[in-house]
Structure formats: structure tokens, C-alpha cells
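Visitor: Quick one: sequence plus predicted model below, questions after.
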Amino acid sequence: MWFIGKLSRDKRGAGSIIGAVFIVLILLSGFTFYTLNVNTTEHYNETLDSMSELDWNRNRENIVIKEVEITDENKLNVTVENESPILAHIILLGIFNKTDNTQQYSSLNEYIEPAETENIVSDSTVIEGKKYVIQLVTELGNTIEHKFYPASEVNCKLTLITAPPTAYEGNNITVLLIVTHNDTEVDTIQNVTVSLEAEPTGLVEVKEEPSSLTVVGLQKGESAFFRWVYNTTDTGTVTFNATYEQAPTGTYALSTVEIISPLGDGEGESKYDFVDEEGDDPIGSHSLFSAQQAGPDGIVDTLLESNTGGDPEEWVSPSGYEDPNNQWSDETNAYDDDTGTHAENDVPKYRWSKYLVLTLSGTITCGKIRYYIDRENADIDQVEIDIYDGTWTIVYIGAGTWNAWTNVSFTETSVTKMRFKFYNENEDHPREAFVCEADFLQSGGSANYELDLEVRWTEVDHDETNEWLCIYRGTMGSEDILVDVWNGTAWINVFTNLSSGWNSLDVSSYLVSSTFTIRFRGGTETGDVTEDKWEIDATFLYVWS
């Protein structure tokens, strides 16, 4: 049956509501999908940023193991430095015993600030003489490895130096041993204990030795130094042999010294001819010249340097000027020795003037200048003064002292110039500033200590087969003492420095007449500001055929 007619008003309203609900649901679904998509994208981007920052920090992190040593309790003490710009967090310490093939890990919670150093002590014990590899693991995932091996596993470079290469019986030999950790694989050697032997025995005896023969924790690239002093007791060739405990086969160093008699072989008739008299034009002094004419007996002649320098300090006026900006006038008045005249500058309002440079014709040693300045009025309220010693250095800046001589001191240096500039605080008008005079204080010449003392033989036997100069030295100053001989026309150096005890050499090529002259000289004759002295016990010529 068909029904023909219109829907009621209520039924038409219900249909409209249902349609509206569907539209809202569609809109909400779209918005929800959009929001979810946006959140997912943001989370993804945040994750990427976090991972990028983590990688960036991981690459920047730089933890360095600086030192490793075994404590008295047989623990490992690891010194760690954070050389990176970020905070480091160390979470694990690994100790691998490569000798016994064992390993141990222990948790850590060590935070180390940038440039900070921390000591990390292991919980587990270690045994000296075993090979260990140490690992540190950071929270960012970096691993730091350090090899800590005994000396038996490392070929160190040994350098043995002996001086002098030829020594007179009774003199000393200095022996220097240098142990260098040059192994490229091992980071730290647990300890190195050195030894030194002299063969054959009986030629030398030790006088001084190192306070310790062991160095602990020798780092890659570092060197340790050991020093001995031996006294020679007989003639012959002595060989020094240096090595270290448990050194790998072939790791040693050798050095030889020839020990000779100070008086030659002494065959045939011999004669000792002591020095006769002091020479001419002495620089320095003898305390007891007659002590050189006998002995050696412990009675000494002390040779003392004298001061040949030391000029007084003096004020020096500039000899010229520089006006780089052509802003000054009457520049020479600044050094005409008249405070009633002046160089002047019209200083612009509210700014500094240009420089007036006063120069010297050469370089002087200077630690003080003086100035005499003036001004139009108090608007000129500051002055700057610089000196030039290769670079410009400000020695004064401030309110200045006006119409009076004023000194400015600074660290002594080599000076060639000074310069002035002035400040005008007036915001509306320029003001005049004046340099009336300026001087440099040239420092007094430094003391210069010299020694030049001649001694002479007047009737010496000069036609023997063997002719030796013999000098017995006592206590010496820190400066070297030289000995020259006169060959008739010039001085010839024969000793560059006298050693303790006997100093002897053949002078037959110089001893050609009955008069023979030698001189003692200081090793530093220029710029020597320290007075030195040397003891001479005996000086003679030993001649025989």
C-alpha cells in the first residue's frame, strides 16, 4: 500500500540533527588525525635532535689517562683528566691482565668537569710485573685504553754520557744515564730500576750516586736522568755499562774513559820546576802567589776576579722627534734643556691628541724616564706616556703632574723612544697641551768581572824530550777558568777549563826558551755580573828525557 503525503515537522528536524552529527564526527576525525600526525612528526624530530646532540657530545668528549701507578695496597691509581669542554661521566673501569688472561670490570660514578683531574683507585688488587690494559668507559659510550706494562716488556732507549773522555788519575769522572721511554705501544712503564757497573774494578770509586735508582710510572716519550761521580784511582781504560732490571736482551749502553798519569811516564832524569813570578798588567788578584810554588799541599792561591765595568747612570736627552700626524709644533723645544719652552698641540674637543714621539740616536738600557709638562687649563686632564723597546708599552696613564719634573719608573729594558698624548675633556672647545722637557735615565753599566793573571818561569830547562805543564786545582767557582800559553807572538789556549785535581799536558812545542809565560783567564769575560774565584794549589813544569 502506498502512502502519499509529507513528513511531519518532528521527523524532518531529527534528520537535520543526524546530518550535523555526522559532519562534526568527520571534522573531529580529521582534526584528530592531523594532531596525531603533527605530534608524531615533532617526536620524530625531537628524537633526531637528541641523537644528533648525543653524537656531537660523544665526538667532543676527550678523556685522557695521565698517570697510572700501583699503590702500597696493590691497587691501581689512575689519574684522569677531562680535556673536553663538556662534563664527563665515567661509568666503568676495566682491568685486563694480559699475562694471566683475566679481566675485571667495576662500576663507577665519576663526574669530571672540563679541565679537571681526578684519581680513580681500583677496587681489585694488581700484581707488579704483570701486563695490564686499563679501560675506562663513559656514559656517552667512549672507551679509553691505556697499556701499563713492566720494564721487562719495554725496550727503552739508554744514553750513557761520560765526561771527560780522558781523565787524569786523581780527577773525577761524571757519568750521566738517560732512560727514554720510546716504545710506541706501551703507555706507562710500571717502574724502571737502573744499574751501572765499571770494569775493570780498581780504576775508579764512586763518590756521588743518585738518591734513587728507580723511576715509577715512566710515561711514553718521557726521560729519566741519573747521575754518578767517580774518582779515578789508577791509570787504564775503564768501561761503564748501564742497563735496568729485567731489561730485554741487548738493552744496555756502554761508555769508556781513558785514565792517564798527570806527569807522563817519568822515564829518565826528571825535574819539577815551579813557577817563578807574577806577570804584568794583572786583571784580578792573587791571595797567596807563593802557594803555587809548592805542593800540592792544601795551601792554595785564590785567584779573584775584579770589576772592569760599572759606569754610572745618567740622564740622556732625546736627539730627535717624530710627528706622524703633523699635529704638533715646535717639537725640538721638548728636548732643548729649557723648561721655559715647549712643544705644543691643540687638542680637539672631547678626545685624545695625536702622539709626539721623542727619539734617541741609539739604544740604551733604561728603567726610568722623567717629564715636565704643562697645559692651557684643567680641561687637559689626562696624559699617556709610552716607551718603545721593540713594541710600544704604556708606562703611565693618568692625571699627570703639571709644571714640575716627574719621574716614571718601569722594568728595565732596551729603549729607543718615548711618546706623549693628552686628553681634552671639554665637549665644546679645543685646548692646548705642552711638552716642555723629557729625558731618559740611562742605566749604569753593569758590573763586569774579569780575570787575566799571568805567571812566569824565568830560567826553565827547555831542551828536554818531554816537557809538561802541571796545575793542581782546588775548589772552583761556577765559572770556567781557562789557561793560555804565550808562544812568543800570541796567546794559545791549552785548557778550556781546569778540572778538580791534576791538569797536565805536553807544552814542548811552546817551551822554546828559558822564559815561559802562562795566564789564567775567566771563562766569561763579557757581561759577567758575578764575581768568581778559583783555588790553585801548585803550578810547575815537569821535564825529563
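Guide: Looks like it arrived, so ask away. Residues are numbered from 1 along each chain as shown.

Visitor: can I assume Asn377 is in contact with His429?
Guide: No: using C-beta atoms under 8 Å, Asn377 is not in contact with His429, being 10.0 Å away. Yep, even glycine has a C-beta here, placed from its N, CA and C like the rest.

Visitor: Assign a three-state SS to Ile26, would you?
Guide: Following DSSP: H, G, I helix; E, B strand; the rest coil, Ile26 is assigned to helix.

Visitor: Poorly predicted segments of the stretch 301-450 of the chain, please.
Guide: Within the stretch 301-450 of the chain, the ranges that satisfy pLDDT under 70 run 310-312, 445.

Visitor: Compute the number of surrounding residues for Ser508.
Guide: 15 (other C-beta atoms under 10 Å).

Visitor: I meant Val275, not that one.
Guide: 25.

Visitor: And for the one 10 residues further on?
Guide: Counted with other C-beta under 10 Å, the neighbours of Ser285 add up to 15.

Visitor: Across the sheet, point out what pairs with the residue nearest to it when sequence neighbours are not counted.
Guide: The shortest distance from Ser285 to any non-neighbouring residue, by C-beta to C-beta, 6 or more residues apart in numbering, is to Leu304 (5.0 Å). Beta-bridge pairing of Leu304 under DSSP bridges involves Ser285, Lys533.

Visitor: so Leu304 sits right up against Lys533, yeah?
Guide: Yes: Leu304 lies in contact with Lys533 (C-beta under 8 Å); the separation is 4.7 Å.

Visitor: Show the contacting residues for the residue nearest to Ser285.
Guide: Gly284, Ser285, Ser287, Leu451, Glu531, Lys533 (C-beta atoms under 8 Å, 6 or more residues apart in numbering).

Visitor: So among these, which ones count as buried?
Guide: Gly284, Leu451, Glu531, Lys533 (16 or more other C-beta atoms under 10 Å).

Visitor: out of those residues, who's nearest Ile189?
Guide: Lys533 (45.0 Å; C-beta to C-beta).

Visitor: quick revisit: now render the buried ones among the contacts of Leu304 as CSV, adding distance to Leu482 and pLDDT.
Guide: Shown next, in CSV, are these (distance: C-beta to C-beta, whole Å; pLDDT from 0 to 100):
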residue, distance to Leu482, pLDDT
Gly284, 13, 94
Leu451, 9, 94
Glu531, 17, 89
Lys533, 15, 94
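
Visitor: Need the contact partners of stretch 288-298.
Guide: 274-276, 278, 299-302, 455, 472, 536-539.

Visitor: OK, contacts around Asp336?
Guide: Here Asp336 is in contact with Glu437 (criterion: C-beta under 8 Å, 6+ apart).

Visitor: gap between it and Val186?
Guide: Going from Asp336 to Val186 by C-beta to C-beta, to the nearest Å gives 74 Å.

Visitor: Now do the contacts for the residue nearest to Gly340 when sequence neighbours are not counted.
Guide: Excluding the flanking residues, the one nearest Gly340 by C-beta to C-beta, 6+ apart is Cys436, at 7.6 Å. Listed by C-beta under 8 Å, 6+ apart, the contact partners of Cys436 are Asn333, Ala334, Asp338, Thr339, Gly340, Thr341, His342, Tyr372, Ile373, Asp374.

Visitor: Closest to Ser122 out of those residues?
Guide: Ile373 (70.3 Å).

Visitor: Am I right that the closest one is in a strand?
Guide: Yes: with three-state DSSP as the criterion, Ile373 is part of a strand.

Visitor: Quick check: it touching Phe420?
Guide: Yes: counting by C-beta under 8 Å, Phe420 is a contact partner of Ile373 at 7.4 Å.

Visitor: quick one: Thr406 from Gly398, how far?
Guide: Distance from Thr406 to Gly398, by C-beta to C-beta: 11 Å.

Visitor: Which of those two has more residues huddled nearby?
Guide: Thr406 (16 against 10).

Visitor: one step back: turn the contacts of Leu304 into CSV, including distance to Glu110.
Guide: Listed next are those as CSV, based on distance: C-beta to C-beta, whole Å:
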residue, distance to Glu110
Gly284, 65
Ser285, 67
Ser287, 66
Leu451, 62
Glu531, 57
Lys533, 59
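
Visitor: Which of those sits closest to Ser353?
Guide: Of those, the one sitting nearest to Ser353 (C-beta to C-beta) turns out to be Glu531, at 49.4 Å.

Visitor: nearest spatial neighbour of that closest one, skipping sequence neighbours?
Guide: Closest to Glu531 by C-beta to C-beta, 6+ apart is Tyr449, at 4.8 Å.

Visitor: Name all residues that make contact with that neighbour.
Guide: Glu305, Ser306, Asn307, Thr308, Gly522, Asp528, Val529, Thr530, Glu531, Asp532.

Visitor: among those, who's most crowded?
Guide: Busiest of those [other C-beta under 10 Å] is Glu305, holding 27 neighbours.

Visitor: who does the nearest residue in space to that residue that is not next to it in sequence bridge with?
Guide: Sequence neighbours aside, Tyr449 is the residue nearest to Glu305 in space, at 3.9 Å (criterion: C-beta to C-beta, 6+ apart). Using DSSP bridges, the bridge partners assigned to Tyr449 are Asn307.

Visitor: Alright, calling it a day.
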